[in-house]
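In: Pasted the sequence and its predicted model underneath.
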Amino acid sequence: MKRTSRDIRTANRYEVLRQIIASSPTSRQELAAATGLSLATVATLVGELLDLRMITEVGFEDSAGGRPRGLVAVNASGGALIGVDIAETYVHVELFDLGLNVLARAEEDVRPGESLPEQVVGHVAAAVGSVVAQAGIEGARVLGVGVSVPGQVDRATGISEYAPNWDWHDVPLLELLTEHIAYPLYLDNPLRASAVAERWFGAARGSGDAVVVNLGTGVGAGLVLGGGLHRGVSNSAGEWGHTTIVLDGRLCRCGRHGCVEAYVGASGIMLTLRELSADSALLHPEDQTATIDALARGVRGRDPVALKALRDTVRYLGAGIADLVNLFNPEVVVLSSWVAAALGEPLVTEVREAVARHALPRPMAATRIVLSPIPTDPVCLGAATFALEGALQSVGQRQTKRTAAPARSRTAPPS
Ligand SMILES: [Zn+2]
(Lines give C-alpha, C1' and ligand atoms only; values in the text may rest on other atoms or scores of the structure.)
Protein backbone atom coordinates (compact mmCIF):
# COMPACT_ATOMS: atom_id res chain seq x y z
CA MET A 1 0.00 0.00 0.00
CA LYS A 2 1.29 3.42 -0.96
CA ARG A 3 1.47 5.88 1.89
CA THR A 4 0.07 9.24 0.91
CA SER A 5 1.07 12.54 2.48
CA ARG A 6 -2.25 12.38 4.36
CA ASP A 7 -1.31 8.99 5.85
CA ILE A 8 2.03 10.41 6.95
CA ARG A 9 0.38 13.45 8.46
CA THR A 10 -2.11 11.25 10.33
CA ALA A 11 0.69 8.97 11.56
CA ASN A 12 2.66 11.97 12.77
CA ARG A 13 -0.35 13.49 14.51
CA TYR A 14 -1.03 10.15 16.22
CA GLU A 15 2.62 9.82 17.26
CA VAL A 16 2.62 13.29 18.81
CA LEU A 17 -0.69 12.67 20.60
CA ARG A 18 0.47 9.35 21.99
CA GLN A 19 3.63 10.98 23.32
CA ILE A 20 1.53 13.64 25.00
CA ILE A 21 -0.77 11.01 26.53
CA ALA A 22 2.21 9.01 27.79
CA SER A 23 4.06 11.97 29.29
CA SER A 24 1.69 14.87 30.05
CA PRO A 25 2.57 17.66 30.63
CA THR A 26 5.27 18.02 28.04
CA SER A 27 6.82 20.69 25.83
CA ARG A 28 7.05 20.91 22.04
CA GLN A 29 10.83 20.56 22.39
CA GLU A 30 10.46 17.28 24.31
CA LEU A 31 7.96 16.04 21.75
CA ALA A 32 10.35 16.82 18.90
CA ALA A 33 13.11 14.92 20.69
CA ALA A 34 10.86 11.93 21.45
CA THR A 35 9.35 11.63 17.96
CA GLY A 36 12.29 12.64 15.79
CA LEU A 37 10.08 15.21 14.04
CA SER A 38 11.23 18.77 13.47
CA LEU A 39 10.18 21.39 16.01
CA ALA A 40 8.23 23.21 13.26
CA THR A 41 6.27 20.04 12.37
CA VAL A 42 5.57 19.34 16.04
CA ALA A 43 4.35 22.91 16.53
CA THR A 44 1.92 22.54 13.60
CA LEU A 45 0.62 19.18 14.83
CA VAL A 46 0.25 20.49 18.40
CA GLY A 47 -1.75 23.39 16.98
CA GLU A 48 -4.10 20.95 15.22
CA LEU A 49 -4.56 18.87 18.36
CA LEU A 50 -5.29 22.06 20.34
CA ASP A 51 -7.93 23.01 17.73
CA LEU A 52 -9.47 19.54 18.12
CA ARG A 53 -9.53 20.12 21.92
CA MET A 54 -7.74 16.81 22.42
CA ILE A 55 -4.95 18.63 24.28
CA THR A 56 -4.69 21.91 26.23
CA GLU A 57 -2.03 24.45 27.14
CA VAL A 58 -1.12 24.08 30.80
CA GLY A 59 1.35 26.86 31.53
CA PHE A 60 5.12 27.03 31.33
CA GLU A 61 8.06 24.91 32.37
CA ASP A 62 10.26 26.31 35.13
CA SER A 63 13.48 27.31 33.50
CA ALA A 64 16.64 28.83 34.92
CA GLY A 65 16.91 31.78 32.54
CA GLY A 66 16.09 31.55 28.83
CA ARG A 67 12.66 31.58 27.27
CA PRO A 68 10.11 29.55 29.25
CA ARG A 69 8.74 26.58 27.32
CA GLY A 70 4.99 26.24 26.93
CA LEU A 71 3.60 22.95 28.21
CA VAL A 72 0.74 20.96 26.76
CA ALA A 73 -1.21 18.08 28.29
CA VAL A 74 -3.90 15.73 27.12
CA ASN A 75 -7.41 17.10 27.59
CA ALA A 76 -8.78 14.02 29.36
CA SER A 77 -12.37 15.17 29.06
CA GLY A 78 -11.98 16.01 25.37
CA GLY A 79 -13.50 12.69 24.33
CA ALA A 80 -14.03 9.07 25.32
CA LEU A 81 -12.81 5.82 23.82
CA ILE A 82 -14.11 2.29 24.28
CA GLY A 83 -11.98 -0.86 24.15
CA VAL A 84 -13.61 -4.28 23.67
CA ASP A 85 -11.77 -7.52 24.44
CA ILE A 86 -13.73 -10.45 23.00
CA ALA A 87 -12.16 -13.66 24.28
CA GLU A 88 -13.28 -17.29 24.15
CA THR A 89 -14.67 -17.21 27.70
CA TYR A 90 -15.54 -13.55 28.31
CA VAL A 91 -16.22 -10.14 26.84
CA HIS A 92 -14.52 -7.25 28.69
CA VAL A 93 -15.38 -3.67 27.83
CA GLU A 94 -13.69 -0.58 29.26
CA LEU A 95 -14.48 3.07 28.66
CA PHE A 96 -11.55 5.49 28.79
CA ASP A 97 -11.09 9.23 28.85
CA LEU A 98 -8.61 10.71 26.37
CA GLY A 99 -5.80 10.26 28.88
CA LEU A 100 -6.66 6.55 28.64
CA ASN A 101 -7.79 6.36 32.26
CA VAL A 102 -10.56 3.80 32.82
CA LEU A 103 -13.90 5.47 33.65
CA ALA A 104 -16.14 2.40 33.52
CA ARG A 105 -15.95 -1.30 32.84
CA ALA A 106 -18.32 -4.15 32.14
CA GLU A 107 -17.88 -7.88 31.81
CA GLU A 108 -20.01 -10.61 30.29
CA ASP A 109 -19.32 -14.34 30.52
CA VAL A 110 -19.33 -16.24 27.26
CA ARG A 111 -20.48 -19.71 28.20
CA PRO A 112 -19.35 -22.86 26.37
CA GLY A 113 -21.61 -23.32 23.35
CA GLU A 114 -22.35 -19.60 22.99
CA SER A 115 -20.35 -19.41 19.83
CA LEU A 116 -22.75 -17.94 17.28
CA PRO A 117 -21.71 -14.48 16.06
CA GLU A 118 -25.14 -13.11 17.09
CA GLN A 119 -24.60 -14.33 20.68
CA VAL A 120 -21.17 -12.77 20.93
CA VAL A 121 -22.43 -9.54 19.35
CA GLY A 122 -25.25 -9.47 21.93
CA HIS A 123 -22.70 -9.62 24.78
CA VAL A 124 -20.62 -6.83 23.24
CA ALA A 125 -23.64 -4.59 22.66
CA ALA A 126 -24.86 -5.09 26.24
CA ALA A 127 -21.44 -4.34 27.74
CA VAL A 128 -20.88 -1.25 25.57
CA GLY A 129 -24.31 0.08 26.56
CA SER A 130 -23.44 -0.57 30.19
CA VAL A 131 -20.13 1.36 30.20
CA VAL A 132 -21.65 4.39 28.46
CA ALA A 133 -24.50 4.45 31.00
CA GLN A 134 -22.11 3.96 33.97
CA ALA A 135 -19.77 6.71 32.85
CA GLY A 136 -22.73 9.06 32.45
CA ILE A 137 -21.25 10.65 29.37
CA GLU A 138 -23.05 11.92 26.31
CA GLY A 139 -22.82 9.51 23.42
CA ALA A 140 -21.47 12.28 21.22
CA ARG A 141 -18.25 12.29 23.22
CA VAL A 142 -17.41 8.67 22.29
CA LEU A 143 -14.84 9.02 19.50
CA GLY A 144 -14.78 5.34 18.68
CA VAL A 145 -14.84 1.72 19.77
CA GLY A 146 -11.85 -0.57 19.23
CA VAL A 147 -12.81 -4.23 19.07
CA SER A 148 -10.36 -7.08 19.55
CA VAL A 149 -11.44 -10.57 18.50
CA PRO A 150 -9.22 -13.67 18.56
CA GLY A 151 -7.89 -15.10 15.34
CA GLN A 152 -7.29 -13.52 12.00
CA VAL A 153 -9.06 -10.30 11.11
CA ASP A 154 -9.25 -8.00 8.11
CA ARG A 155 -9.03 -4.49 9.58
CA ALA A 156 -10.10 -2.75 6.40
CA THR A 157 -13.35 -4.70 5.97
CA GLY A 158 -14.07 -5.46 9.64
CA ILE A 159 -14.32 -9.18 8.92
CA SER A 160 -13.28 -11.90 11.36
CA GLU A 161 -11.66 -14.17 8.79
CA TYR A 162 -10.92 -17.10 11.04
CA ALA A 163 -11.52 -17.65 14.75
CA PRO A 164 -10.50 -21.25 15.46
CA ASN A 165 -12.20 -21.63 18.84
CA TRP A 166 -15.65 -20.86 17.41
CA ASP A 167 -14.95 -22.12 13.91
CA TRP A 168 -15.86 -18.71 12.51
CA HIS A 169 -15.01 -18.13 8.87
CA ASP A 170 -15.45 -14.68 7.29
CA VAL A 171 -17.90 -13.34 9.87
CA PRO A 172 -18.74 -9.66 9.07
CA LEU A 173 -18.30 -8.73 12.71
CA LEU A 174 -18.24 -4.94 12.44
CA GLU A 175 -21.31 -4.97 10.21
CA LEU A 176 -23.17 -7.03 12.82
CA LEU A 177 -21.99 -4.71 15.62
CA THR A 178 -23.05 -1.61 13.66
CA GLU A 179 -26.67 -2.73 14.06
CA HIS A 180 -26.29 -2.24 17.83
CA ILE A 181 -23.53 0.32 18.30
CA ALA A 182 -23.74 3.81 16.81
CA TYR A 183 -20.08 4.82 17.29
CA PRO A 184 -17.26 4.35 14.76
CA LEU A 185 -15.88 0.80 15.09
CA TYR A 186 -12.35 -0.50 14.50
CA LEU A 187 -11.38 -4.18 14.44
CA ASP A 188 -8.13 -5.97 15.24
CA ASN A 189 -6.95 -8.93 17.29
CA PRO A 190 -5.58 -9.38 20.83
CA LEU A 191 -1.98 -9.90 19.71
CA ARG A 192 -1.92 -6.45 18.15
CA ALA A 193 -3.86 -4.85 21.00
CA SER A 194 -1.69 -6.21 23.80
CA ALA A 195 1.53 -5.36 21.95
CA VAL A 196 0.43 -1.74 21.57
CA ALA A 197 -0.70 -1.57 25.21
CA GLU A 198 2.71 -2.79 26.44
CA ARG A 199 4.52 -0.42 24.09
CA TRP A 200 2.56 2.64 25.24
CA PHE A 201 2.01 1.93 28.90
CA GLY A 202 3.58 -1.36 29.95
CA ALA A 203 6.80 -3.32 30.09
CA ALA A 204 7.80 -2.51 26.49
CA ARG A 205 7.69 1.28 26.92
CA GLY A 206 10.75 2.66 25.17
CA SER A 207 11.66 -0.73 23.67
CA GLY A 208 12.03 -0.88 19.91
CA ASP A 209 12.04 -4.69 19.95
CA ALA A 210 9.61 -6.56 22.16
CA VAL A 211 7.53 -9.72 22.11
CA VAL A 212 4.24 -9.88 23.98
CA VAL A 213 3.26 -13.48 24.61
CA ASN A 214 -0.49 -13.87 25.11
CA LEU A 215 -1.41 -16.87 27.22
CA GLY A 216 -5.13 -17.43 27.35
CA THR A 217 -7.46 -19.91 25.70
CA GLY A 218 -5.63 -18.95 22.55
CA VAL A 219 -1.90 -18.36 22.43
CA GLY A 220 0.08 -15.98 20.25
CA ALA A 221 2.83 -13.37 20.14
CA GLY A 222 2.42 -9.65 19.50
CA LEU A 223 5.55 -8.30 17.83
CA VAL A 224 7.15 -4.88 18.14
CA LEU A 225 10.09 -4.85 15.72
CA GLY A 226 12.41 -1.99 14.87
CA GLY A 227 10.20 0.43 16.79
CA GLY A 228 6.94 -0.48 15.05
CA LEU A 229 4.07 -2.91 15.45
CA HIS A 230 4.73 -5.80 13.08
CA ARG A 231 1.57 -6.99 11.30
CA GLY A 232 2.93 -8.98 8.36
CA VAL A 233 1.59 -8.70 4.84
CA SER A 234 -1.95 -9.83 5.74
CA ASN A 235 -2.15 -8.80 9.42
CA SER A 236 -1.53 -12.33 10.70
CA ALA A 237 2.04 -12.14 11.99
CA GLY A 238 2.54 -13.56 15.47
CA GLU A 239 0.53 -16.78 15.14
CA TRP A 240 3.21 -18.44 17.23
CA GLY A 241 0.57 -20.54 19.03
CA HIS A 242 0.17 -22.52 15.82
CA THR A 243 3.83 -23.23 15.24
CA THR A 244 4.74 -26.89 15.68
CA ILE A 245 6.52 -27.86 18.88
CA VAL A 246 5.87 -31.64 18.78
CA LEU A 247 5.81 -33.47 15.45
CA ASP A 248 2.62 -35.59 15.29
CA GLY A 249 1.72 -34.27 18.74
CA ARG A 250 -1.62 -33.35 20.28
CA LEU A 251 -4.49 -32.34 18.03
CA CYS A 252 -4.86 -28.55 18.03
CA ARG A 253 -8.15 -26.73 17.51
CA CYS A 254 -6.69 -25.34 14.27
CA GLY A 255 -6.89 -28.91 12.93
CA ARG A 256 -3.15 -29.52 12.87
CA HIS A 257 -1.02 -31.51 15.30
CA GLY A 258 1.58 -30.55 17.89
CA CYS A 259 1.03 -26.76 17.98
CA VAL A 260 2.40 -24.70 20.90
CA GLU A 261 -1.17 -23.78 21.84
CA ALA A 262 -2.17 -27.43 22.27
CA TYR A 263 0.31 -27.60 25.19
CA VAL A 264 0.30 -24.14 26.75
CA GLY A 265 -3.19 -22.76 26.00
CA ALA A 266 -5.77 -23.08 28.77
CA SER A 267 -7.29 -26.25 27.35
CA GLY A 268 -3.81 -27.71 26.75
CA ILE A 269 -2.96 -27.11 30.40
CA MET A 270 -6.24 -28.79 31.40
CA LEU A 271 -5.32 -31.81 29.29
CA THR A 272 -1.88 -32.00 30.92
CA LEU A 273 -3.53 -31.89 34.34
CA ARG A 274 -5.98 -34.63 33.32
CA GLU A 275 -3.13 -36.80 32.04
CA LEU A 276 -1.29 -36.38 35.36
CA SER A 277 -4.30 -37.04 37.57
CA ALA A 278 -7.65 -37.74 35.91
CA ASP A 279 -9.63 -37.22 39.12
CA SER A 280 -7.68 -34.19 40.37
CA ALA A 281 -9.76 -31.78 42.44
CA LEU A 282 -8.07 -28.97 40.48
CA LEU A 283 -9.99 -29.98 37.35
CA HIS A 284 -13.26 -28.22 36.64
CA PRO A 285 -14.54 -29.85 33.47
CA GLU A 286 -15.74 -27.36 30.85
CA ASP A 287 -14.52 -24.45 32.96
CA GLN A 288 -11.09 -23.15 31.96
CA THR A 289 -11.14 -20.16 34.29
CA ALA A 290 -11.98 -22.21 37.40
CA THR A 291 -9.35 -24.83 36.51
CA ILE A 292 -6.55 -22.33 35.91
CA ASP A 293 -7.48 -20.47 39.13
CA ALA A 294 -7.41 -23.77 41.06
CA LEU A 295 -4.05 -24.64 39.49
CA ALA A 296 -2.65 -21.23 40.52
CA ARG A 297 -3.83 -21.76 44.12
CA GLY A 298 -2.36 -25.29 44.04
CA VAL A 299 1.02 -23.96 42.87
CA ARG A 300 1.08 -21.37 45.65
CA GLY A 301 0.15 -24.10 48.16
CA ARG A 302 2.94 -26.37 46.80
CA ASP A 303 0.44 -29.04 45.73
CA PRO A 304 2.58 -31.69 43.96
CA VAL A 305 0.15 -32.28 41.06
CA ALA A 306 -0.20 -28.53 40.48
CA LEU A 307 3.57 -28.05 40.53
CA LYS A 308 4.09 -30.92 38.10
CA ALA A 309 1.41 -29.56 35.75
CA LEU A 310 3.06 -26.15 35.79
CA ARG A 311 6.50 -27.62 35.16
CA ASP A 312 5.28 -29.82 32.30
CA THR A 313 3.53 -26.83 30.70
CA VAL A 314 6.62 -24.66 31.03
CA ARG A 315 8.80 -27.29 29.32
CA TYR A 316 6.92 -26.52 26.11
CA LEU A 317 6.37 -22.84 26.82
CA GLY A 318 10.07 -22.27 27.57
CA ALA A 319 11.19 -23.97 24.36
CA GLY A 320 8.63 -21.98 22.36
CA ILE A 321 9.66 -18.66 23.90
CA ALA A 322 13.33 -19.50 23.34
CA ASP A 323 12.48 -19.73 19.61
CA LEU A 324 11.02 -16.21 19.81
CA VAL A 325 14.14 -14.97 21.62
CA ASN A 326 16.44 -16.51 19.02
CA LEU A 327 14.33 -15.27 16.08
CA PHE A 328 13.66 -11.69 17.16
CA ASN A 329 16.39 -10.85 19.69
CA PRO A 330 13.92 -8.76 21.74
CA GLU A 331 14.80 -6.48 24.62
CA VAL A 332 11.81 -7.74 26.57
CA VAL A 333 9.39 -10.66 26.49
CA VAL A 334 6.13 -9.80 28.24
CA LEU A 335 3.84 -12.57 29.49
CA SER A 336 0.27 -11.31 29.15
CA SER A 337 -3.39 -12.36 29.18
CA TRP A 338 -5.43 -14.14 31.79
CA VAL A 339 -3.58 -17.45 32.17
CA ALA A 340 -0.27 -15.61 32.72
CA ALA A 341 -1.95 -13.20 35.16
CA ALA A 342 -3.50 -16.09 37.14
CA LEU A 343 -0.28 -18.11 37.41
CA GLY A 344 1.81 -15.01 38.11
CA GLU A 345 5.39 -14.94 39.37
CA PRO A 346 5.78 -18.74 39.86
CA LEU A 347 5.15 -19.06 36.11
CA VAL A 348 7.68 -16.34 35.22
CA THR A 349 10.37 -17.89 37.41
CA GLU A 350 9.94 -21.30 35.75
CA VAL A 351 9.78 -19.73 32.28
CA ARG A 352 13.04 -17.81 32.76
CA GLU A 353 14.86 -21.05 33.69
CA ALA A 354 13.32 -23.00 30.82
CA VAL A 355 14.02 -20.34 28.19
CA ALA A 356 17.64 -20.14 29.33
CA ARG A 357 17.99 -23.88 28.68
CA HIS A 358 16.94 -23.49 25.02
CA ALA A 359 17.87 -20.00 23.82
CA LEU A 360 21.29 -18.97 22.56
CA PRO A 361 23.34 -17.19 25.22
CA ARG A 362 23.77 -13.89 23.38
CA PRO A 363 20.09 -13.06 22.68
CA MET A 364 19.14 -14.58 26.04
CA ALA A 365 21.49 -12.23 27.89
CA ALA A 366 19.85 -9.23 26.17
CA THR A 367 16.28 -10.25 27.05
CA ARG A 368 14.15 -9.56 30.11
CA ILE A 369 11.19 -11.85 30.73
CA VAL A 370 8.46 -10.18 32.78
CA LEU A 371 4.76 -10.31 33.58
CA SER A 372 2.57 -7.59 32.09
CA PRO A 373 2.51 -4.74 34.64
CA ILE A 374 -0.74 -3.29 33.24
CA PRO A 375 -3.26 -3.51 36.07
CA THR A 376 -6.36 -3.45 33.87
CA ASP A 377 -7.13 -5.49 30.74
CA PRO A 378 -4.27 -4.72 28.30
CA VAL A 379 -6.34 -5.82 25.33
CA CYS A 380 -9.10 -3.27 26.13
CA LEU A 381 -6.43 -0.58 26.47
CA GLY A 382 -4.79 -1.50 23.17
CA ALA A 383 -8.15 -1.72 21.40
CA ALA A 384 -9.01 1.77 22.68
CA THR A 385 -5.78 3.10 21.15
CA PHE A 386 -6.88 1.68 17.78
CA ALA A 387 -10.09 3.69 18.14
CA LEU A 388 -8.02 6.79 18.90
CA GLU A 389 -5.87 6.20 15.82
CA GLY A 390 -9.02 5.74 13.75
CA ALA A 391 -10.55 8.93 15.14
CA LEU A 392 -7.46 10.92 14.13
CA GLN A 393 -7.61 9.37 10.69
CA SER A 394 -11.21 10.45 10.13
CA VAL A 395 -10.34 13.97 11.33
CA GLY A 396 -7.54 13.97 8.74
CA GLN A 397 -9.96 12.92 6.02
CA ARG A 398 -12.38 15.72 6.89
CA GLN A 399 -9.52 18.24 6.87
CA THR A 400 -8.20 17.02 3.54
CA LYS A 401 -11.61 17.59 2.01
CA ARG A 402 -11.44 21.23 3.08
CA THR A 403 -7.85 22.00 2.15
CA ALA A 404 -5.12 20.25 0.24
CA ALA A 405 -2.79 18.83 2.89
CA PRO A 406 0.81 20.07 2.74
CA ALA A 407 3.07 17.23 1.70
CA ARG A 408 6.18 18.26 3.56
CA SER A 409 6.32 16.41 6.84
CA ARG A 410 8.67 13.73 7.99
CA THR A 411 7.43 10.30 8.88
CA ALA A 412 7.36 9.22 12.46
CA PRO A 413 7.88 5.50 13.04
CA PRO A 414 4.52 3.71 13.08
CA SER A 415 3.34 2.88 16.59
ZN1 LIG B 1 -2.80 -25.07 16.01
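Out: Sure thing, it's come through. Residues are numbered from 1 along each chain as shown.

In: nearest spatial neighbour of the residue in the stretch 1-150 of the chain that the ion sits nearest to, skipping sequence neighbours?
Out: Here the stretch 1-150 of the chain gets closest to the ion at one residue, P150, 12.6 Å apart by Cβ to the ion. Every C-beta, even on glycine, is put in place using the N, C-alpha and C of the backbone. Of all residues not flanking P150 in the chain, G218 sits nearest, at 4.9 Å (Cβ to Cβ, 6 or more residues apart in numbering).

In: is it true that that neighbour touches Y162?
Out: No. Using Cβ atoms under 8 Å as the test, G218 is too far from Y162 to be in contact (11.6 Å).

In: Show the contacting residues for the residue nearest to G151 when sequence neighbours are not counted.
Out: Nearest non-adjacent residue to G151, counting by Cβ to Cβ, 6+ apart: A163, 3.6 Å away. Neighbour list for A163: 149-152, 171 [criterion: Cβ atoms under 8 Å, 6 or more residues apart in numbering].

In: name the helices or strands packed onto the lowest-mean-pLDDT helix or strand in the chain?
Out: Least confident helix or strand of the chain, by mean pLDDT, DSSP states H and E, is helix 378-402 with a mean of 82. When contacts are defined as 3 or more Cβ pairs under 8 Å, 6 or more residues apart in numbering; DSSP states H and E, helix 378-402 sits against helix 5-22, strand 80-86, strand 90-97, strand 142-148, strand 185-188, helix 190-201.

In: right, so of those, which gets closest to D109?
Out: Smallest distance to D109 across these (Cβ to Cβ): 5.8 Å, for strand 90-97.

In: The closest residue to A193 other than its chain neighbours and D85, how far apart?
Out: Distance criterion Cβ to Cβ, 6+ apart; nearest residue to A193, sequence neighbours excluded, is G382 at 3.1 Å. Applying Cβ to Cβ, to the nearest Å, the value for G382 to D85 is 9 Å.

In: any shared contact partners between these two?
Out: 148, 190, 193.

In: quick one: contacts for the last one?
Out: When contacts are counted by Cβ under 8 Å, 6+ apart, A193 is found next to 83, 85, 146, 148, 222, 378-383, 385-386.

In: Out of the residues you listed, flag the one nearest to V351.
Out: Out of the contacts of A193, the member with the shortest distance to V351 (by Cβ to Cβ) is G222, at 16.8 Å.

In: quick one on the thing from earlier: count of neighbours near the residue nearest to P150?
Out: For G218, the count of nearby residues is 26 (other Cβ atoms under 10 Å).

In: can you tell me which residues contact it?
Out: 87-88, 150-151, 164-165, 190, 241, 261, 265.

In: The residues you listed in helices, which ones?
Out: If you go by DSSP state H, the contacts of G218 have 190, 261 in helices.

In: what about burial for the contacts of G218, which qualify?
Out: 87-88, 150-151, 164-165, 190, 241, 261, 265 (16 or more other Cβ atoms under 10 Å).

In: tell me the contacts of the residue of the stretch 1-150 of the chain closest to the ion?
Out: Taking Cβ under 8 Å, 6+ apart, one finds 86-88, 163-165, 189-190, 217-218 in contact with P150.

In: and if we set it to 10 Å?
Out: 85-88, 160, 162-166, 168, 189-191, 214, 216-218, 220, 379 (Cβ atoms under 10 Å, 6 or more residues apart in numbering).

In: And R311, by the same measure?
Out: Applying Cβ under 10 Å, 6+ apart, the residues contacting R311 are 272, 299, 318, 350, 353-354.
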